[in-house]
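Asker: A structural model of the following input is requested.
(one chain, ligands or ions: 1)
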Amino acid sequence: MAGLCEGRVAIVTGGGRGIGREYCLMLAAEGAKVVVNDLGGARDGVGADLGPADEVVNEIRAMGGEAVANGADVSDWDQAKAMIDQAVSTFGKLDVLINNAGILRDRMLVNMTEAEWDAVIKVHLKGTFAPAHHAAVYWRELNKETGAPVNARLINTSSVSGIYGNIGQTNYGAAKMGIAAFTIISARELRRYGVTVNAIAPGALTRLTEDLGGPITEERKESGDPKWVAPIAVWLASEESAEVSGRMFEASGNVLAIAEGWHRGPTAKPTKDPHEMGAKVAEMMKTARKNAGMNGMDLD
Ligand code: NAD
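Answerer: Model prediction:
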């Protein structure tokens, strides 16, 4: 059976560990040539080491696949550009960019430092924007040159911590919700070139989550296997997914779902009088849907 991504060229950021590693291996197993990006820092983003990216490249080569390592900090503008250029100079083109790299610096709002806020916002938000921008410029030029849709894919990484909200993660959640908006808007902008843009809110047992959610049981290990997350990323990366854009997929061993975006709820006639507002809000609150909890269902 032909691979789903036969001949496609993909970059996976943060591909040296956890979920990104699984994306790289499954993409390669499905015939893609892969640029494995990983800065190789600690969970909080400190440090750098090309080791994790190299290991994944070696695993892919051992399977008979093609891959190269890239050690860029994806939130660095010039390094992000060089990463896109590396894919094109090594494999002749770029079809898929998966923005997956991420770090955590959890803290309650009252205790969070400026550095903890800045680091998380930078890696997730700028680390999504910078590679996406440089890839989009490449795809626009290609579209101009050939006059044909480029059939390319941008896949971003969000989180239920952002789209639904998790205590202790104002920095991370704000970044991940920002990535959700970035996905919807860039999907509308890039459609004209033949690029789809989607996001995944994954759930997996990795170094980011191993100390959250209680003891690591066999059941947790199985439902937390990143192999449950990779299939949606690989399918989105393939040519089969051309009609799907601007969507947020939740994926883990426990759930595969589409998270639906904000919609206007109950309305009232606008007023210039703040004294009238109490009654109007009370009326709207009667039928407004509750916000979702971390399981995506209405909060009690
Ligand atoms: P992980 O720590 O195992 O892997 C993340 C990788 O990103 C690491 O190898 C790290 O070196 C790399 N990275 C960090 N900053 C980088 C940078 N600036 N440039 C390049 N590489 C960088 O974590 P994971 O759980 O596999 O997370 C992958 C993505 O999924 C992250 O965006 C994370 O926020 C998101 N996510 C994970 C879960 C989960 O349950 N594990 C849940 C929601 C969202």
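Asker: who does the biggest strand by length in the chain pair up with?
Answerer: Counting residues, the longest strand found in the chain (DSSP state E) is strand 195-202. Using DSSP bridges, strand 195-202 pairs in its sheet with strand 152-157 (parallel), strand 248-251 (parallel).
Asker: show me what the mean pLDDT comes to for the last one.
Answerer: Just to be clear, that refers to strand 248-251. For strand 248-251, mean pLDDT rounds to 98.
Asker: the first one now?
Answerer: Strand 152-157 comes out with an average pLDDT of 98.
Asker: give me the residues contacting the lowest-mean-pLDDT helix or strand in the chain.
Answerer: In the chain, no helix or strand scores lower on mean pLDDT, DSSP states H and E than helix 218-223, which sits at a mean of 91. Here helix 218-223 makes contact (C-beta atoms under 8 Å, 6 or more residues apart in numbering) with 205, 213, 214, 252, 253, 254. In this view, the C-beta of every residue, glycine as well, is placed from N, C-alpha and C.
Asker: who's in contact with the third one?
Answerer: In other words, residue 214. Counting by C-beta under 8 Å, 6+ apart, residue 214 makes contact with residue 220.
Asker: could you check the pLDDT of it?
Answerer: pLDDT, residue 214: 82.
Asker: so which of the contacts of helix 218-223 is the closest to residue 115?
Answerer: When the contacts of helix 218-223 are ranked by distance to residue 115 (C-beta to C-beta), residue 213 comes first, at 26.4 Å.
Asker: next, that closest one: phi, psi?
Answerer: phi 80, psi 20 (degrees, to the nearest 10).
Asker: what's near enough to touch it?
Answerer: residue 220.
Asker: helix or strand for residue 82, which one?
Answerer: Using DSSP states H and E, residue 82 falls within helix 77-91.
Asker: keeping just the C-alphas, turn that helix into CSV.
Answerer: Extracted in CSV, the C-alpha atoms of helix 77-91 (Å, rounded to 0.1, in the frame of the first residue of the first chain):
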residue,chain,number,x,y,z
TRP,A,77,13.3,34.8,13.1
ASP,A,78,16.4,34.1,11.1
GLN,A,79,16.8,30.5,12.4
ALA,A,80,13.2,29.8,11.4
LYS,A,81,13.9,31.1,7.9
ALA,A,82,17.1,29.0,7.6
MET,A,83,15.0,25.9,8.6
ILE,A,84,12.5,26.5,5.8
ASP,A,85,15.5,27.0,3.4
GLN,A,86,17.1,23.8,4.6
ALA,A,87,14.1,21.7,3.7
VAL,A,88,14.0,23.2,0.2
SER,A,89,17.8,23.0,-0.4
THR,A,90,18.0,19.4,1.0
PHE,A,91,14.8,17.8,-0.5
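Asker: can you pull the buried residues of stretch 217-234?
Answerer: Residues 220, 223, 224, 226, 228, 229, 230, 231, 232, 233, 234 are the ones in stretch 217-234 that count as buried (16 or more other C-beta atoms under 10 Å).
Asker: next one: that stretch to chain centre, how far?
Answerer: In terms of C-alpha atoms, centre = their mean, to the nearest Å, the centre of stretch 217-234 is set 16 Å apart from its chain centre.
Asker: touching the ligand at all, that stretch?
Answerer: No - contact of stretch 217-234 with the ligand (C-beta under 6 Å from any ligand atom) is absent, the minimum separation being 6.7 Å.
Asker: number the chain from 110, please
Answerer: I'll keep to 110 as the first residue from here, and by that count the last item is stretch 326-343.
Asker: find the residue at the geometric middle of this protein.
Answerer: residue 266 (1.1 Å; C-alpha atoms, centre = their mean).
Asker: please name the nearest non-neighbouring residue to that one.
Answerer: Nearest non-adjacent residue to residue 266, counting by C-beta to C-beta, 6 or more residues apart in numbering: residue 209, 4.8 Å away.
Asker: so the one you found sits right up against residue 126, yeah?
Answerer: No - the criterion here is C-beta atoms under 8 Å, and residue 209 misses it with residue 126 at 10.0 Å.
Asker: out of those two, which sits in the busier spot?
Answerer: The residue with more neighbours, out of residue 209 and residue 126, is residue 209; 29 against 20, by other C-beta atoms under 10 Å.
Asker: turn the buried residues of stretch 326-343 into CSV, columns for secondary structure and distance to residue 241.
Answerer: Listed next are the buried residues of stretch 326-343 as CSV, based on DSSP: H, G, I helix; E, B strand; the rest coil; distance: C-beta to C-beta, whole Å:
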residue, secondary structure, distance to residue 241
329, helix, 33
332, helix, 30
333, coil, 28
335, helix, 22
337, helix, 25
338, coil, 20
339, helix, 20
340, helix, 23
341, helix, 19
342, helix, 16
343, helix, 19
